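A.B. asks: Need a 3D model of the following:
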Amino acid sequence: MSENKKYILVLSWWGAKWFYHLWILKALEESWVESEIDAIFWVSAWAMVASFRANGMRADDIYSKLLENIEFLSAKNLKMPPVTSILQEKNVQKLYKKYLPVTFSKLKKKVYIWATDLNTGKYKIFHTGELIHPLMWSIALPVIFPPVKFWDYLLVDGGVIDNFPVLRAKKLYPNHEVIGVTVSSFKKHQKVTNLLSNAMVSWNLVLSKDIEWNIKATDHLFCKNTWVFTAETNKEKLSHIYEVWYKDGMKYFKKLKK
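C.D. replies: Predicted coordinates for the structure are as follows:
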């Protein structure tokens, strides 16, 4: 990497694999690279983590807060009856309001949040104005969380259209190099035994569909297959994952030279 260059960070998402991405934040905190990153591009639950980071929260703090509130992904948060979604959105919204400012302008680093409009089938990008609602839209993976109405939009997870928006990010920052991190690839012969596993396997396929094209456009790629259960909530397993992948991340960043 040249010291005259500037960079943007683009991360894909898939369920509990967000704990893999946390090593990027932790490793960046111990690297010269972080000060050279001008913007972060995230979809789905990673928009939440990006906002925490852009608000000044360190990786270890984000990790602790996620573990403290991991039940929002568990059976304790089931929506009954499950008319438009399996899980309730209200507990996630409480988490946002507790740790984040009301508007994008209060964040310390530029963050772009992506969502999909079900009414038009188009991608929507949010980076100004009110913060909490765009976060709710981005995390609204169909079936898991309900769609969110806003003006004439009906918004769901941005990953429905593009789960690794490298090409879209490059259009906004054409003179920057992209550091891309993805863990989204489709695993064959997964077991489908109930409503949740049916949804998870189907979305694994949907969210993996455009990864290859975006990988080709990435200047510095960290790609890893991590077959962690998508809705994993076991704290011991997640703690182990975090530590192992942090060490993995440090190895990557040591390879990047000024």
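A.B. asks: Read off the pLDDT value for the residue sitting nearest the centre point of the chain.
C.D. replies: The centre of the chain sits closest to Trp46, judged by CA atoms, centre = their mean, with a distance of 2.1 Å. We have a pLDDT of 72 for Trp46.
A.B. asks: before we move on, what SS does it have?
C.D. replies: State at Trp46, reduced to three classes by DSSP: H, G, I helix; E, B strand; the rest coil: helix.
A.B. asks: from memory it sits against Leu11, does it?
C.D. replies: Yes. With contact defined as CB atoms under 8 Å, Trp46 counts as touching Leu11 (5.4 Å). Bear in mind the C-beta positions are built from the backbone N, C-alpha and C, glycine included.
A.B. asks: Show the average pLDDT along the helix or strand harbouring Glu236.
C.D. replies: If you go by DSSP states H and E, Glu236 is part of helix 235-254. Averaged across helix 235-254, pLDDT comes to 72.
A.B. asks: How about stretch 33-42?
C.D. replies: 86.
A.B. asks: Quote the end-to-end distance of it.
C.D. replies: By CA to CA, to the nearest Å, the extent of stretch 33-42 from end to end equals 18 Å.
A.B. asks: what comes into contact with that stretch?
C.D. replies: Residues outside stretch 33-42 that contact it (CB atoms under 8 Å, 6 or more residues apart in numbering) are 1, 3, 5-11, 13, 28, 49-50, 53-54, 109-114, 138, 165, 168-169, 172-173, 176, 179, 253, 256.
A.B. asks: Show me how to select, in PyMOL, the buried members of those.
C.D. replies: Typed into PyMOL, the next command selects the buried ones out of the contacts of stretch 33-42 (criterion: 16 or more other CB atoms under 10 Å):
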select buried, resi 7+8+9+10+11+13+28+49+50+53+54+109+110+111+112+113+114+138+165+168+169+173+176+179+253
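A.B. asks: Give me the subset of the contacts of stretch 33-42 that lies in strands.
C.D. replies: Tyr7, Ile8, Leu9, Val10, Leu11, Lys110, Val111, Tyr112, Ile113, Trp114, Ile179 (DSSP state E).
A.B. asks: Put the alpha carbons of stretch 110-121 into PDB.
C.D. replies: The C-alpha trace of stretch 110-121 is given here as PDB (Å, rounded to 0.1, in the frame of the first residue of the first chain):
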ATOM      1  CA  LYS A 110     -18.500   8.500   7.600                       C
ATOM      2  CA  VAL A 111     -20.800   5.500   7.400                       C
ATOM      3  CA  TYR A 112     -23.000   4.300   4.500                       C
ATOM      4  CA  ILE A 113     -26.000   2.100   5.200                       C
ATOM      5  CA  TRP A 114     -27.700   0.200   2.500                       C
ATOM      6  CA  ALA A 115     -31.200  -1.100   2.200                       C
ATOM      7  CA  THR A 116     -33.500  -2.800  -0.400                       C
ATOM      8  CA  ASP A 117     -36.800  -1.200  -1.400                       C
ATOM      9  CA  LEU A 118     -39.400  -4.000  -2.000                       C
ATOM     10  CA  ASN A 119     -41.700  -1.600  -3.800                       C
ATOM     11  CA  THR A 120     -39.200  -0.800  -6.600                       C
ATOM     12  CA  GLY A 121     -36.700  -3.600  -6.300                       C
END
